[in-house]
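Asks: From the sequence below, what's the structure:
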Amino acid sequence: MFLVVPSARDGRRQRRQSVAIVHETKLSTIPSRCISPERLNEFLIRKFPCGNYQVDITQNVYQISAPSSLCESELLRQSART
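Replies: Below is the predicted model of the structure:
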């Protein structure tokens with residue numbers, strides 16, 4: 001995604017500069033045995049309502065990229081809920 005930012009006027013014609021918008025993400029990991037996919041999904045939807053996260057699973061470990069890091073105790077509390 002790019003944002004077009006007008007440069008300052010210097011008496012000549014106005015130029016535009018493209019500035020890349022970088023969305024910084026934090027990576028959190030948790031073993032899949034600690035939380036079900038359904039509960040993880042519910043938790044992430046509540047925590048990041050805009051959907052700005054991504055979950056990958058590799059060797060039974062969830063790898064969650066999100067705007068803020070997730071604390072393991074926060075995820076484990078979610079998995080303990082009934």
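Asks: Buried ones in the lengthiest helix in the chain, by neighbour count?
Replies: Secondary structure of the chain read by DSSP state H shows that its longest helix is helix 37-47. In terms of neighbour count (16 or more other Cβ atoms under 10 Å), helix 37-47 has its buried residues at L40, F43, L44, K47. The way it works is simple: take the backbone N, C-alpha and C, and place the C-beta from them, glycine included.
Asks: do stretch 51-67 as well
Replies: Those would be Y53, Y62, I64, A66, for stretch 51-67 by 16+ other Cβ under 10 Å.
Asks: what about the helices in the chain?
Replies: Assigned by DSSP H, the chain shows helices spanning 37-47, 72-80.
Asks: isn't E24 right up against P67?
Replies: Yes. Using Cβ atoms under 8 Å, E24 is in contact with P67, at 7.3 Å.
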